Structures are given as C-alpha cells and as structure tokens.
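Visitor: quick check, what structure comes out for this input:
(one chain, ligands or ions: 1)
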Amino acid sequence: MSNDTLERLAAVLEARKGADPGSSYVAGLYAGGLDRILKKVGEEATETVLAAKDGQREQIVYETADLWFHTLVMLAHCGSGPAEVLAELERRFGLSGLDEKASRHND
Ligand SMILES: N=c1c2ncn([C@@H]3O[C@H](COP(=O)(O)OP(=O)(O)OP(=O)(O)O)[C@@H](O)[C@H]3O)c2ncn1[C@@H]1O[C@H](COP(=O)(O)O)[C@@H](O)[C@H]1O
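Guide: Numbers count the residues shown, from 1 in each chain. Reported below is the predicted structural model:
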C-alpha cells in the first residue's frame, strides 16, 4: 500500500459520509457514531495481536489491513486523515535521523 492508496481510500471514505447507511459498510459505521467505529478498531486490534501470536504471516497481513482500514474510518470521522499521520511519522523520522542510521547500517 503506497501513500497514494491511503489517500485514494481516504477520498472514498469522505464520499461515504453522504451515503445511505444501508448501501455501504462505511456509511453504516458512520451512522453508528464514534463508539461503533472505536469498537471495530478495538476488535481489529485484538484480532491483529492474536494473528501475530499465531505467527501466520498471511493472517497477520489480513488482520493488519482490517485494522488500518478501520483506523482510517476513525480518522475520517474525527476530521483527519492519513496525510496528517504520515506527516507526523515523517517529522519523527527526520528528528531521529533514522534514514541516515539505516543507510549507515546497510554499508
Ligand atoms: N477496505 C475496506 C475494508 N476492509 C475491511 N472491510 C470490512 O470490514 C469488516 C471487517 O469486520 P469483521 O471481520 O468483524 O466482519 P463483519 O462481521 O462484517 O463486521 P461487523 O458487522 O461485525 O461490524 C468486513 O465487513 C469487511 O468487509 C472493508 N470495507 C470496505 N473497504 C473499502 O472501503 C470502500 C468503501 O466500502 P463500502 O462502504 O462498503 O462501499 C471499499 O471500496 C473498500 O475499498
């Protein structure tokens, strides 16, 4: 998943804000409000942890995708989106100089 994928998915999530809850899973989540969305984030986080404990790579990826997806719905509901989270990660990356350390590690 590239940053572009996150942005394109975020655009779909924004568009679903005006959709009929019966016609769309995401619109149904919005209709349930923040508590419904956070319940799903919690469930998906737990499922991701369990998958990691089991050590099955395919299942770990599947559950992590569910978790990322539901956190994107949460961000959209809260008026944010992936660009802000990625900007924060970029800021930390710059602060830590990890890119420099990583390139030295690969020498
Ligand atoms: N990426 C996803 C995506 N990932 C996971 N899910 C849904 O998230 C749910 C995962 O929760 P569970 O495994 O607990 O399944 P569930 O029992 O159906 O969920 P609940 O009814 O218990 O809430 C499933 O219903 C999946 O279909 C997703 N639903 C939608 N998308 C994307 O969002 C876009 C908009 O979706 P709609 O709103 O459905 O049009 C789609 O085009 C997709 O790109």
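
Visitor: does the residue most central in space within the chain lie in a helix or a strand, and which?
Guide: Nearest to the geometric centre of the chain sits Trp68, at 2.6 Å (CA atoms, centre = their mean). For Trp68, the element it lies in under DSSP states H and E is helix 57-77.

Visitor: next SSE downstream of that helix?
Guide: Next helix or strand after helix 57-77 toward the C-terminus (DSSP H and E): helix 82-96.

Visitor: pull the distance from the longest helix seen in the chain to the chain's centre.
Guide: Criterion DSSP state H: the longest helix present in the chain is helix 25-54. Between the centre of helix 25-54 and the centre of its host chain there is 11 Å, according to CA atoms, centre = their mean, to the nearest Å.

Visitor: ok, now stretch 13-20?
Guide: Mean-position distance between stretch 13-20 and its chain equals 17 Å (CA atoms, centre = their mean).

Visitor: what do you get for stretch 71-85?
Guide: Mean-position distance between stretch 71-85 and its chain equals 8 Å (CA atoms, centre = their mean).

Visitor: follow-up on the earlier one: any residue of the longest helix of the chain touching the ligand?
Guide: Yes. With CB under 6 Å from any ligand atom as the criterion, the ligand is reached by helix 25-54 at Tyr25, Val26, Ala27, Lys40. For glycine as for every other residue, the C-beta is placed from the backbone atoms N, C-alpha and C.

Visitor: all good on my end, thank you.
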